[in-house]
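J.: fold the following for me, if possible:
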Amino acid sequence: MKSAAEKCLEEIGWGKYQNFLFICGCEAIGIGVGASMLIPLIIVELTDISNASKGLLATVMNLGMLIGSWYFGKKADQGGRISYFRQSSYILLLGLTILFLSNTYLAFLAALFFIGCGFGSDNALINSLLIESIPASGRKSLAWLLGSINVSNCAIFVIAAVVEVFKVTFISDWRLVAGIFIIIRVIFIYLRNFLEEGPVFLCKQGKNEEMKKVLKKIADMNGMKDFDPELLEIVEKLPASGPAISDLFKVPLSSITFKLIPLFFFTFLGFQGIIMFLPKIIVTETKLQKFTLIAFLQIIGLLGRFLAAKLIDTNLGRKYTTVLSQFLLAATAFGFAFANGFMQNLIVNFVFSISLSMMMAAQNVISAESYPPFNRSLSIGVLMSVGSVGGMLSSVILGAFIDNFGVSIAMIYSSSVFVLAGMVASRLKETREVHKQS
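T.: Numbering: from 1, shown residues only. Predicted structure coming up:
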C-alpha cells in the first residue's frame, strides 16, 4: 500500500527537483567510482612492486568502503539521509586531496582509504534518498544513475590518452584527474545544501509537518505552485531506537538478506580485480591504444545501462536481468583468458563492458527495492560492506594469480566466481510487481 508521501510524489511527478537530485547522485557515484579507476593508472607507474602489492591499493579502498557504507548507512536510518549525505561529501574530498599530493606508496594507501570511505557512504545514502524522493514510476532511474560511472571512467581514460599523445610530463594523468575531481566535488558540496530529506522517509518517521514542507518545496520547484499535500492517513512512527543490523537477519527480511549478501560478495570478488588490472589484462601494441580502447568501452557500457533500464520492466524483471548479466560476465571473463590481438580483445571487452553495466544497474534496483524505508540505508550499507570484503580479496587474489599462474588462469578463476554469483541471483525474489504496487 502506498504511503501518503508516495501518493503525493506520484501526483507531483518527475520534475526539476528530481533532475537536480539525480545530477547530485550522478556526481556522488561518478566521482567515487572514477576515483577508484585512477588505481589502474597509478599501477602503471608503480613498476617496482609486485602485482599482489598493487592489488593492496584496491583492498585498502574497499576497506574504506566497508567502514563508510556500514557506519553512514546505519546513522542515516536513524537520523535521516540528507544530513549524513552532506557530511560524507567531505570524506571523499579529503581522500582526493591526499591523492593529488601523494608521491609514496603509503600516501596512496591513505588516500584510497578515505576515497573508499567517502564513496561507500555516498553510495549507501544516495540510493535511499533517490528512491524516497521520486515517484514509483521513475525508479528505473536507479539503473541510469550508474551511467555516471561510464561517463566518469571514459573521461579519465580520454585524459590519460591526451596526456600520452602530447607527452605531458609536468603532471601525471591520474594527478590531473584527481585535481579536476576536487574542483567538481567542491562545487557539489555546495549544491547538496539545496537538497531535501526524502518525503517517504519522513512519512515513515511520522514527521508529517516536515514532510508537508518538503513536498511543497518539491512541488514548487517542479512548477506546481498551487499544490497542497493533504496528508489524511495515519502514518506509522518508527521506534525511537532506530534500525538494528539484527533486524536484517530476522523474519521477514532474513530470506532477502541471506541471498543478497553472497550475491554482493561474489559480484565484487569477480569484477573488482578485473577492473583494477584491466590495463594489464588488455593486450594492445601501445599504451595510447590501450587507453583509447578502455575509454571507448566505458561509453559502450552506457548501452548496458539502457538495456537494464528496459529489461527490468519486462518479463525478465530485476531478478533475471541480474542473472543473465552475471552469466554473460562469466563467459566474457573466460574469453579474456584466450583473447589475443586487438580485435579479439575489442569483442571480449565490448561484451564485458555491457554485461558489467547491465548487472550493476539491475542489481542496484533489486537490492534497493527489497528493503523497506525503515532500514533501507542500513541494508544497502551492509550489502556494500560485504561487497567491499569481496572487493578487498578480489584484487589481492587476482594479483597473486597473475603473478604465479598468468592472466589466463586468473581469468578462468574470475569466470567461476561470476557463475557462483549468477546461481545465487537465481534465488532472489523478484521486486517488479512489488514496485508496481508501491
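J.: which regions of the protein sit below the pLDDT cut-off?
T.: Low-confidence segments of the chain (pLDDT under 70): 1-2, 229-243, 279-280, 282-285, 433-438.
J.: recalculate using a threshold of 50.
T.: Flagging of the chain using pLDDT under 50 yields the residue ranges 231-232, 234-236, 240, 435, 437-438.
J.: where do the helices of the stretch 251-400 of the chain begin and end?
T.: Using DSSP state H, counting those that start in this stretch, the helices of the stretch 251-400 of the chain run over 254-276, 278-281, 287-311, 317-336, 341-369, 376-405.
J.: which one, of those, ends up nearest to residue 129?
T.: Of all the helices of the stretch 251-400 of the chain, helix 376-405 sits nearest to residue 129, with 8.4 Å by CB to CB. The way it works is simple: take the backbone N, C-alpha and C, and place the C-beta from them, glycine included.
J.: next, the buried residues of stretch 128-138.
T.: Residues 128-136, 138 are the ones in stretch 128-138 that count as buried (16 or more other CB atoms under 10 Å).
J.: would you agree residue 37 is in contact with residue 294?
T.: No - with contacts counted by CB atoms under 8 Å, residue 37 stays clear of residue 294, the gap being 9.1 Å.
J.: adding distance to residue 218 and mean neighbour count, write the helices of the stretch 251-400 of the chain out as CSV.
T.: Below are these laid out as CSV (distance: least, CB to CB, whole Å; neighbours: other CB atoms under 10 Å):
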stretch, distance to residue 218, mean neighbour count
helix 254-276, 30, 22
helix 278-281, 41, 20
helix 287-311, 23, 20
helix 317-336, 26, 23
helix 341-369, 20, 22
helix 376-405, 19, 24
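J.: could I get the ones you listed as CSV with distance to residue 50?
T.: Formatted as CSV, the helices of the stretch 251-400 of the chain follow (distance: least, CB to CB, whole Å):
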stretch, distance to residue 50
helix 254-276, 14
helix 278-281, 12
helix 287-311, 21
helix 317-336, 21
helix 341-369, 24
helix 376-405, 6
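J.: correct me if wrong: residue 158 contacts residue 296.
T.: No - using CB under 8 Å, residue 158 is not in contact with residue 296; the gap is 9.5 Å.
J.: between residue 37 and residue 294, what contacts are shared?
T.: residue 153 (CB atoms under 8 Å, 6 or more residues apart in numbering).
J.: what is the neighbour count of the residue nearest to residue 145 when sequence neighbours are not counted?
T.: Once flanking residues are discounted, residue 145 sits nearest to residue 25: 5.3 Å by CB to CB, 6 or more residues apart in numbering. Counted by other CB atoms under 10 Å, the residues lying close to residue 25 total 25.
J.: pull out the buried residues from the host helix or strand of residue 25.
T.: Secondary structure assignment for residue 25, by DSSP states H and E: helix 16-36. By neighbour count on 16+ other CB under 10 Å, the buried set for helix 16-36 is 17-18, 21-22, 24-36.
J.: what's the answer for stretch 88-107, then?
T.: 88-89, 91-93, 95-100, 102.
J.: how far off centre is that stretch?
T.: Relative to its parent chain, stretch 88-107 has a centroid offset of 20 Å by CA atoms, centre = their mean, to the nearest Å.
J.: residues in contact with it?
T.: With contacts defined as CB under 8 Å, 6+ apart, stretch 88-107 is touched by 28, 31-32, 35, 38, 46, 49, 53, 64, 68, 72, 108, 110-119, 121-122, 125, 174-175, 178-179, 181-182, 185-186, 188-189, 192.
J.: out of those residues, which are buried?
T.: Neighbour-count burial (16+ other CB under 10 Å) applied to these gives 28, 31-32, 35, 38, 64, 68, 72, 108, 110-119, 121-122, 125, 174-175, 178, 181-182, 185, 188, 192.
J.: among the residues you listed, which are located in helices?
T.: Using DSSP state H, 28, 31-32, 35, 38, 64, 68, 72, 108, 110-119, 121-122, 125, 174-175, 178, 181-182, 185, 188 are the members of the buried ones among the contacts of stretch 88-107 that sit in helices.
J.: and residue 128, what does it touch?
T.: Residues in contact with residue 128 (CB under 8 Å, 6+ apart) are 76, 81, 198, 201, 368, 373, 376-377, 380.
J.: try 6 Å this time
T.: Counting by CB atoms under 6 Å, 6 or more residues apart in numbering, residue 128 makes contact with 81, 376-377.
J.: could I get those as CSV with distance to residue 306?
T.: Compiled in CSV, the contacts of residue 128 are given as follows (distance: CB to CB, whole Å):
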residue, distance to residue 306
81, 28
376, 26
377, 27
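J.: quick one on the thing from earlier: contacting residues for the residue nearest to residue 145?
T.: Counting by CB under 6 Å, 6+ apart, residue 25 has contacts 126, 130, 145.
J.: and for residue 52?
T.: Residue 52 is in contact with 399-400, counting by CB under 6 Å, 6+ apart.
J.: next SSE after the host helix or strand of it?
T.: Here residue 52 sits within helix 51-79, counting by DSSP H and E. Following helix 51-79 in sequence order, the next helix or strand is helix 81-101 (DSSP H and E).
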